[in-house]
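J.: coords below, sequence missing:
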């Protein structure tokens, strides 16, 4: 498929610089622990998903707000380097560029604290000025690291213009429930699925319970709910039924950004008009590749790298 025939992907969301440190456990209040392996990296769910899609060959535009600081300069340069159209990114001197503080334990699980910073300056009024940009796009991708009123306004416009709206409800909050009616595809992980249904996020989910909760989300408007389940097969739920899409078992090095890799790859596969289950399998493959690498953006594959990875698993 030629570049010109691909559907256009628009990601509206966050950019954060990632500050990562390894630690055996999370400190308690008042406690200091010695960590290791500190690094700075590019991050933010919106940017990560846009970069993942661009590196896989997607025709990608990113809309967000960065601070007028070094971190913002670096982030913008990185997105331009991978071929993202950043014409509609705004800069502010009111807030610093957003930051994500990432702790990784000895099992390579992560926890993240985000200070949105400049991301909070992305307003509904600015989005309304960009209706023509949304109109020129085919697939519009959203997350929840920018103000929810901004996300809602952009999703309303995209829905009215009959675009394919991918909504990754992360970091999840109960308010996100009101956005479901504007989405075509919602792709939560298990804890996000629980939260959106008002359930305890520490609950263990059986496959049956997972499907039941996904169907409750379907009742609120989306056509498809895709639940990513970590080391278990992905569950795709539509009004026609539920299908498991196998994951690719790998030795995880760093799980940070796997969900963003999945979402970006899903957008690319749909932009290439792959059938839904094939698109989810492609997204699973990309997420699996990502967790075998350290850090998010350096761990996102080009199409050539993903093809080489796919050969190992006889992925067709």
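T.: Perfect, I can see it now. From a predicted model like this one, the values you see are computed outputs, not experimental measurements.
J.: So what touches stretch 227-247?
T.: If you take CB atoms under 8 Å, 6 or more residues apart in numbering as the criterion, stretch 227-247 is touched by 187-190, 193, 205, 207, 210-211, 214-215, 218, 223-226, 249, 259, 262, 276-277, 280-281, 283-284, 287-288. C-beta coordinates here come from the backbone N, C-alpha and C atoms, glycine included.
J.: and with 6 Å instead?
T.: With CB atoms under 6 Å, 6 or more residues apart in numbering as the contact definition, stretch 227-247 has outside contacts at 189-190, 193, 210-211, 214, 224-226, 277, 280-281, 284.
J.: May I see the ChimeraX selection of the buried members of these?
T.: Buried subset of the contacts of stretch 227-247, written as a ChimeraX selection, criterion 16 or more other CB atoms under 10 Å:
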select :189,190,193,210,211,214,224,225,226,280,281,284
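J.: Among the contacts of stretch 227-247, which lie within helices?
T.: Secondary structure from DSSP state H places 190, 193, 210-211, 214, 277, 280-281, 284 of the contacts of stretch 227-247 in helices.
J.: which one of those residues is nearest residue 300?
T.: Comparing the ones in helices among the contacts of stretch 227-247 against residue 300 with CB to CB places residue 284 closest, at 14.8 Å.
J.: can you map out the strands along this protein?
T.: Using DSSP state E, the strands of the chain run over 8-12, 16-22, 36-43, 59-63, 65-67, 90-92, 98-104, 110-115, 139-142, 164-167, 185-186, 224-229, 232-238, 241-245.
J.: Quick check: which of the ones you listed is nearest to residue 295?
T.: The minimum distance between residue 295 and the strands of the chain falls on strand 36-43, with 4.6 Å, by CB to CB.
J.: For the closest one, which helices and strands make contact with it?
T.: Applying 3 or more CB pairs under 6 Å, 6 or more residues apart in numbering; DSSP states H and E, one finds that strand 36-43 contacts strand 16-22.
J.: got the angle for the strand it packs on vs strand 98-104?
T.: If you take axes from the mean of the first three to the mean of the last three CA atoms, to 10 degrees, strand 16-22 sits at 20 degrees to strand 98-104.
J.: in strand 16-22, what's buried?
T.: Neighbour counts over strand 16-22 (16+ other CB under 10 Å) mark 16-20, 22 as buried.
J.: what's the angle from that strand to strand 36-43?
T.: If you take the same axes, to 10 degrees, strand 16-22 sits at 160 degrees to strand 36-43.
J.: Give the partner strands of strand 16-22 in its sheet and their orientations.
T.: In the sheet, strand 16-22 lines up against strand 36-43 (antiparallel), strand 98-104 (parallel) (DSSP bridges).
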